[in-house]
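Trainee: after the sequence you'll find the predicted model.
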Amino acid sequence: MDMSSPYKGRGFVLVMVLWLIALLTIIALGLSYNTRQSVRGVGALVGATQARYLAHGGVQLALMNLLGERPEHRLLGDGEQLAVQLPNGSVNIAVFDESGKVGINTASPELLSRLFEAFDMEERLADALADAVVDYRDPDDLVSLNGAEDDQYLAAGLPWEAKDSDFTRIEELQRVYGMPAWLYENILPYVTIHNIDRGINPEVAPLPVLISASDDSVYNLEAYIKGRRENRILGLPLPAPPAVDRKFTARARGTVFTIIATGWTSTGYHASITTTVRVKRGGSNAAVETLDWIPYKLDAATGSPQASGEL
């Protein structure tokens, strides 16, 4: 009688059991990993949603302030960053009065050129680019001294021509003949289609715009910005603005504002919203018209906001 066969069978069973245990272990590890990933995914979704709602809350706070009847209680609108604590997080708010920006549909070639020079563009190139901006927007086909009309766009191999009408979006500046990408990115926060005046309001203009419109020193311009912010906090009249050539000056405060709100959760997620609104004050007749709304997507890898939308 072969006495070894039972032991062989037991050995086979043992091997099968070990394989089964290993297989179940692998399955369990996979399920555990998937569960952790699902939990992380849900956590990221919750964090991103909370951040977006915090940003929305920041926009609403800014609008309530801008609709206030007493000017001295409103935000100055010169882009100053304000941090506000809210339940489960905080929000950073910046408000820009569009009258403090350079209007690309109305500004003179000289003011445009000075803005480009404020970002270290060579004077000769800045003059040519300013003329090209004017040629792009004006209704005729006459070429300015250093500008560009349809023939220049065609010769450069560009698939578009001068628009010969007003800019309707800031992004159109990228289509202007000779506009370098680095300059566009730098001037983007300081230009607007909502300032219909040829000049800027120095009381709310940010530093690069003041540098463009004034021959005063950067030191004095920075001191002026600091002073007007401090006076607004203290409820005092704004200091006298720096010397600005009258042809670059518009004293009227605007009714169009851009609000940038970034919500931060207590767990580190953040998301931003940018909106441009026209404000109508007047008690029960107060109203807000949304002119532009740019939501930001939350980067799943880094948690950083990325602007959505294309030209």
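Mentor: On my side now, so go ahead.
Trainee: excluding its backbone neighbours, what's nearest G77?
Mentor: The shortest distance from G77 to any non-neighbouring residue, by CB to CB, 6 or more residues apart in numbering, is to D97 (3.3 Å). Backbone N, C-alpha and C define where each C-beta goes, glycine included.
Trainee: revised request: answer the last question for H73.
Mentor: Excluding the flanking residues, the one nearest H73 by CB to CB, 6+ apart is N65, at 7.5 Å.
Trainee: so that neighbour touches G77, yeah?
Mentor: No - the criterion here is CB atoms under 8 Å, and N65 misses it with G77 at 10.0 Å.
Trainee: neighbour count winner among the two?
Mentor: Counted by other CB atoms under 10 Å, N65 and G77 do not tie: G77 has more neighbours, with 26 against 16.
Trainee: verify the contact between the more buried one and V204 for me.
Mentor: Yes - contact criterion CB under 8 Å: G77 and V204 qualify, at 5.0 Å.
Trainee: joint contacts of these two?
Mentor: Residues touching both G77 and V204 (CB atoms under 8 Å, 6 or more residues apart in numbering): F96, D97, G100, G254.
Trainee: flag whichever of these scores worst on pLDDT.
Mentor: Among the shared contacts of G77 and V204, G254 has the lowest pLDDT, at 80.
Trainee: is that one in a helix, a strand, or coil?
Mentor: Look at G254: counting by DSSP: H, G, I helix; E, B strand; the rest coil, its state is coil.
Trainee: spit out the contact partners of it.
Mentor: Counted by CB under 8 Å, 6+ apart, G254 has contacts G77, D97, E98, S99, G100, H194, N195, N201, V204.
Trainee: where's it relative to Y224, distance?
Mentor: Noted for G254: a distance of 19 Å to Y224, by CB to CB, to the nearest Å.
Trainee: and if you look at G57?
Mentor: As for G57, its distance to Y224 is 32 Å (criterion: CB to CB).
Trainee: can you give me the strands for the stretch 1-150 of the chain?
Mentor: With strands called from DSSP state E, counting those that start in this stretch, the stretch 1-150 of the chain shows them at 78-86, 89-97, 102-103.
Trainee: relative to S144, which of those is closest?
Mentor: For S144, the closest of the strands of the stretch 1-150 of the chain is strand 102-103, at 17.8 Å, according to CB to CB.
Trainee: coming back round to it: when G57 and Y224 are compared, which one has more neighbours?
Mentor: Neighbour totals were compared for G57 and Y224, and Y224 leads with 22 against 18 (other CB under 10 Å).
Trainee: which of the three states applies to that one?
Mentor: Secondary structure, three-state DSSP: Y224 is helix.
Trainee: got a pLDDT number for the closest residue to S113 other than its chain neighbours?
Mentor: Once flanking residues are discounted, S113 sits nearest to A130: 4.0 Å by CB to CB, 6+ apart. You'll see A130 listed with a pLDDT of 97.
Trainee: A130: neighbouring residues, count only.
Mentor: If you count neighbours by other CB under 10 Å, A130 ends up with 26.
Trainee: report the separation between it and M179.
Mentor: 11 Å.
Trainee: could you do E69 as well?
Mentor: As judged by CB to CB, E69 and M179 stand 42 Å apart.
Trainee: so for these two, which residue has more residues nearby?
Mentor: Counting neighbours by other CB under 10 Å for E69 and for M179 shows that M179 has the greater number, 18 against 10.
Trainee: need the pLDDT of the more buried one.
Mentor: At M179, pLDDT is 97.
Trainee: any idea which residue is closest to the centre of the protein?
Mentor: In the chain, the C-alpha closest to the average C-alpha coordinate belongs to T274, at a distance of 5.9 Å (CA atoms, centre = their mean).
Trainee: give the helix, strand or coil label for that one.
Mentor: Using three-state DSSP, the secondary structure recorded for T274 is strand.
Trainee: give me the nearest residue to it, chain neighbours excluded.
Mentor: Distances taken as CB to CB, 6+ apart place I294 nearest to T274, at 4.3 Å, with adjacent residues excluded.
Trainee: how about the contacts made by the residue nearest to H73?
Mentor: Neighbouring residues of N65 by CB under 8 Å, 6+ apart: H73, R74, L75.
Trainee: list buried residues within these.
Mentor: Neighbour-count burial (16 or more other CB atoms under 10 Å) applied to the contacts of N65 gives R74, L75.
Trainee: so which of the contacts of N65 belong to helices?
Mentor: Members of those lying in helices (criterion: DSSP state H): none.
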